[in-house]
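*Asks:* Here's a sequence, model it:
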Amino acid sequence: MLSERTEVQVRPGVEGDLDALTALYNHYVRETAITFDTAIFTPEERRPWLLSHPEDGPHRLMVATTADPQEILGYSTSSPFRTKPAYATSVETTVYVAPDAGRRGIGTLLYTALFEALSGEDLHRAYAGIALPNEASARLHERLGFRHVGTYRQVGRKFGRYWDVAWYEKPL
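*Replies:* As a prediction, this is how the structure comes out:
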């Protein structure tokens, strides 16, 4: 169990994190509508995702861990917003926190580190989609400078129902 005093480190994600990152993501696939993936992944299936987030450039992966023993508490990413070339200065960002690590500022630490890492990149805007309802995520994004720009109604179907997605943007 994570205590309030647990030291947290944030660093770029590495290939050795793949199993733990896959397990964390699969929790959200199985248990929530936070992601619209509907089938769990093997680490090998997630490897291309991990490798698409190098330690430099506009598409990053930041990982929060405990110091010793090292346990993954969450991760944040910046990924291509869309594939067409004119979108190259925009990224889609996301943050996932381990279920037992919520409400301890891990999401804030991850996003802060991500935006610091991106500060020297040729980027103009960050976008984040939040499946609703998710008050904690909306508060986190607003606290970090995102503003709500619109909501896609009933855009995804998971667990036998339709979900709305609120879109947020942040100048970079």
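*Asks:* If we go by neighbour counts, what in stretch 148-162 is buried?
*Replies:* Neighbour-count burial for stretch 148-162 flags 156, 158 (criterion: 16 or more other Cβ atoms under 10 Å). To be clear about C-beta, it is placed using only N, CA and C from the backbone, and glycine gets the same treatment.
*Asks:* Convert stretch 42-58 to CSV, retaining C-alpha atoms only.
*Replies:* Below are the C-alpha coordinates for stretch 42-58, written out as CSV (Å, rounded to 0.1, in the frame of the first residue of the first chain):
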residue,chain,number,x,y,z
THR,A,42,0.0,-8.6,-23.9
PRO,A,43,3.3,-6.8,-23.2
GLU,A,44,4.4,-7.8,-26.7
GLU,A,45,1.3,-6.1,-28.2
ARG,A,46,2.0,-2.9,-26.3
ARG,A,47,5.7,-2.8,-27.3
PRO,A,48,5.1,-0.7,-30.4
TRP,A,49,3.3,1.9,-28.2
LEU,A,50,6.2,2.0,-25.8
LEU,A,51,8.7,2.3,-28.6
SER,A,52,6.7,5.2,-30.2
HIS,A,53,7.6,7.3,-27.1
PRO,A,54,11.4,7.9,-27.1
GLU,A,55,13.2,10.0,-24.5
ASP,A,56,13.3,13.0,-26.8
GLY,A,57,11.0,14.6,-29.3
PRO,A,58,7.4,15.6,-29.0
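*Asks:* By neighbour count, which bits of it are buried? Give me those.
*Replies:* For stretch 42-58, the neighbour count (16+ other Cβ under 10 Å) marks 43, 46, 49, 50, 53, 58 as buried.
*Asks:* Just the closest of the residues you listed to residue 123, please.
*Replies:* The closest of the buried residues of stretch 42-58 to residue 123 turns out to be residue 58 (Cβ to Cβ; 5.5 Å).
*Asks:* which regions of this structure sit below the pLDDT cut-off?
*Replies:* Applying pLDDT under 70 to the chain picks out residues 1-6.
*Asks:* OK, contacts around the closest residue to residue 18 other than its chain neighbours?
*Replies:* Take residue 18 and drop its neighbours on the chain: the residue closest to it by Cβ to Cβ, 6 or more residues apart in numbering is residue 43, 4.8 Å away. Residues counted as contacts of residue 43 (Cβ atoms under 8 Å, 6 or more residues apart in numbering) are 18, 19, 22.
*Asks:* Which of the residues you listed are buried? Put it as a ChimeraX command.
*Replies:* Only the buried entries of those go into this ChimeraX selection, using 16+ other Cβ under 10 Å:
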select :18,22
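*Asks:* Would you mind putting the contacts of residue 43 into TSV with distance to residue 112 and secondary structure alongside?
*Replies:* Below are the contacts of residue 43 laid out as TSV (distance: Cβ to Cβ, whole Å; DSSP: H, G, I helix; E, B strand; the rest coil):
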residue	distance to residue 112	secondary structure
18	24	helix
19	26	helix
22	24	helix
